[in-house]
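# Structure of the sequence below:
(2 chains)
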Amino acid sequence: MPATLPSVLVDTEWVAQHATDAGVRVVEVDVDTSSYDQGHVPGAVGWNWNTELCDTLVRDIVPAQKLEELLGKSGIDNKTAIVLYGDNNNWFAAWAFWQLKIYGHEDVRIMDGGRKKWLAETRDLSTDKPALKAATYKAGTPDLSLRAFLPEVQQALAGKQTALVDVRSPAEFTGEILSPPGLPETCQRGGHIPGAKSIPWGKNCNDDGTFKSYDDLKALYAAQGISGDQPVIAYCRIGERSSLTWFAMKYLLGFPNVKNYDGSWTEWGNLVGAPVEKP
Amino acid sequence: MVFFFACFAAFALKVVNMKPEDYSRHQQELAGWQVMIETYKLGGVYHCTIANVDPGARIARADGETKAEAESRAMEKATKYLGQTRKFEV
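Numbering: from 1, shown residues only, chains lettered A, B, ... in the order given. Predicted coordinates for the structure are as follows:
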């Protein structure tokens, strides 16, 4: 892996040694928002993705002021090194990473392997919420070069210059199912955006939850004709799995132009008249 | 007096860390779908989480006094949710 890139990843041992260091804040963000209460990295703060990392009125990412309040009460200022981790191989940790980068936070990292690896290594857990001294946080101007909206995806479809990467499971990609097994169906039509490449998010990861090596990731995307020399838009169902793929492509592979389409299939698969390809 | 306050402060600031015990993770079929069942004990309570294998999303969780109890409760919920997933011809 290139020497400049791994700074966005820290391993579980690093977190065990530095979780409570001054200037470091560890944050757990889970799909299952109750996981934090079942034991977390000692000293870690818990963020709820569906109330704290989004706009709860309009469908949108977290507004700047709300983010400033969240980070402030988490004891995070603009210089803090934020270390994110979570369940499902860091799905929502990547979602938080993506939003923090949109708002310009410089030092954000992900604990490689996430909650899965921490638990498997039977490392210490705590059920206590840390007492934190509030800080002042100022969000930057949103960097929308990291985010794709519907018109841009439609343009990508028409122009054929941008690679579309569908990171959902093969069964979702083909339209055999409308949502991951056991979860509510949130779209009217199954299938995928015409021309999209199917590269399920899990292919970025090893069995222990850590990210694959630079060479393995490079080969994974190259096999689908994606090498970083063209713009890429990743999507899934609601944008969290694709934020993990976005992270892998942009920060582990160093692709310069990668966007996360957080509207994803819950937008496209409900859009009247939108072209759909099956299988 | 100083000693008393020092002891009180130390107690108040102490963060209780625990080791997860009896950790297990295994894959099996449930209601026609492959699922991953992860269970551990923390502070006298067993926590069980069930996720679908593909794509790997958590679908149910439950607690219990024993591993069997936590897993049984979680599987009951997961079976119900998995049963609502429709398959379409492609």
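# Now do the helices in chain A.
Counting by DSSP state H, chain A has helices at residues A:12-18, A:64-73, A:87-102, A:114-120, A:150-159, A:170-174, A:214-222, A:240-247, A:264-268.
# which of the residues in the second one are buried?
For helix A:64-73, burial by neighbour count (16 or more other CB atoms under 10 Å in any protein chain shown) applies to A:64, A:66-68, A:70-72. In short, each C-beta sits where N, CA and C put it, glycine included.
# Go through these and say which is closest to B:Asn52.
A:Leu70 (29.7 Å; CB to CB).
# The nearest residue to A:Tyr36 once chain neighbours are set aside and chain B: what is the separation?
Using CB to CB, 6 or more residues apart in numbering or on different chains and skipping the chain neighbours, the partner closest in space to A:Tyr36 is A:Gly46 (3.4 Å). For A:Gly46, the distance to chain B (CB to the nearest CB, to the nearest Å) stands at 14 Å.
# rewinding a little: may I see the helices of chain A arranged in TSV, with mean pLDDT as well?
Formatted as TSV, the helices of chain A follow (pLDDT from 0 to 100):
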stretch	mean pLDDT
helix A:12-18	97
helix A:64-73	98
helix A:87-102	95
helix A:114-120	95
helix A:150-159	96
helix A:170-174	97
helix A:214-222	98
helix A:240-247	97
helix A:264-268	98
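# which of those sits most buried?
Most buried of those by mean neighbour count (mean count of other CB atoms under 10 Å in any protein chain shown) is helix A:240-247; its value is a mean of 29.
# Number of residues surrounding residue 36?
If you meant another chain, say so; for now it's chain A. Around A:Tyr36 sit 23 other residues, with neighbours defined as other CB atoms under 10 Å in any protein chain shown.
# try again with chain B
16.
# which bits of chain B sit near chain A?
Counting by CB under 8 Å from any CB of the partner chain, chain B comes close to chain A at B:15-21, B:23, B:25, B:33, B:38, B:40, B:42-43, B:47, B:49, B:51-52, B:54-61, B:63, B:78, B:81-82, B:84-88, B:90.
# Put the buried members of those residues into a PyMOL selection.
Typed into PyMOL, the line below selects the buried ones among those, using 16+ other CB under 10 Å:
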select buried, chain B and resi 20+33+38+40+42+47+49+51+52+54+55+56+57+58+59+60+61+78+81+82+85
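# Narrow the residues of chain B next to chain A to those in helices?
Per DSSP H, the residues of chain B next to chain A map to helices at B:78, B:81-82.
# now those as JSON lines including pLDDT?
Output for these, formatted as JSON lines (pLDDT from 0 to 100):
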{"residue": "B:Ala78", "pLDDT": "98"}
{"residue": "B:Tyr81", "pLDDT": "97"}
{"residue": "B:Leu82", "pLDDT": "97"}
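# And those, which is closest to B:Glu71?
Each of those was checked against B:Glu71 using CB to CB; the closest is B:Ala78, at 10.0 Å.
# quick one: that closest one from B:Gln27, how far?
13 Å (CB to CB, to the nearest Å).
# what does A:Phe255 give?
On the measure of CB to CB, A:Phe255 and B:Gln27 end up 32 Å apart.
# so who does the residue of chain B found nearest chain A touch?
Here chain B gets closest to chain A at one residue, B:Ile59, 3.4 Å apart by CB to the nearest CB. Applying CB atoms under 8 Å, 6 or more residues apart in numbering or on different chains, one finds that B:Ile59 lies in contact with A:180-183, B:35, B:50-52, B:77-78, B:81-82.
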